[in-house]
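Colleague: Predicted coordinates and the sequence they were generated for:
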Amino acid sequence: MVTMAAFLHDNAWALAAILLLFAFYLWKRYGLYLRGIRQVDAPTAERMVAEEDAVIVDVRERREYASAHIPGSRHLSLGKLRRHPEALDRYRGRPLVLSCRSGARSARACIVLKKHGFEEVYNLRGGINAWMRAKRRQKG
């Protein structure tokens, strides 16, 4: 019979890899939350615009924004946002919902804004893809 200590010793690398994968999973799942960034779905973002004077900021590139965007959204690419976060100073104090194609770039943009003192920063979970799916469901 193998003792627990012998098992751990013989499988240390495998156990370390499992722990590392688990830590990565936790960070991906809760990392934004731990940084004070909340995620919202499309219906919640729409309600925030209507009821809380929220601003939707699309951080995709210009050509992506031109092809399709959320009505009423503002455009500031992630690259420009990183260089000039003060471009959004006029919206300080209002909820900002950041959007991109899928939610990944907008999550990075949320982190940038939080570092520059913006308080109410939200990531649109699933980005414009989720927004468009939600709109199709409403019509359907």
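Modeller: Here it is on my side, so go on.
Colleague: When you work out contacts or count neighbours from here on, use the C-alpha atoms and nothing else.
Modeller: OK.
Colleague: Can you give me the neighbour number for residue 22?
Modeller: 12 (other C-alpha atoms under 10 Å).
Colleague: same check, this time on residue 46
Modeller: 18.
Colleague: ditto for residue 109
Modeller: Neighbour number of residue 109 under other C-alpha under 10 Å is 27.
Colleague: which residue sits closest to it, ignoring its sequence neighbours?
Modeller: residue 78 (6.2 Å; C-alpha to C-alpha, 6 or more residues apart in numbering).
Colleague: so the one you found touches residue 111, yeah?
Modeller: No - using C-alpha atoms under 8 Å as the test, residue 78 is too far from residue 111 to be in contact (11.1 Å).
Colleague: Enumerate every residue touching the residue nearest to residue 109.
Modeller: 59, 60, 61, 105, 106, 109 (C-alpha atoms under 8 Å, 6 or more residues apart in numbering).
Colleague: please redo it, this time with the cut-off set to 10 Å
Modeller: Contacts for residue 78 (C-alpha atoms under 10 Å, 6 or more residues apart in numbering) come out as 58-61, 84-85, 100, 105-106, 108-110, 112.
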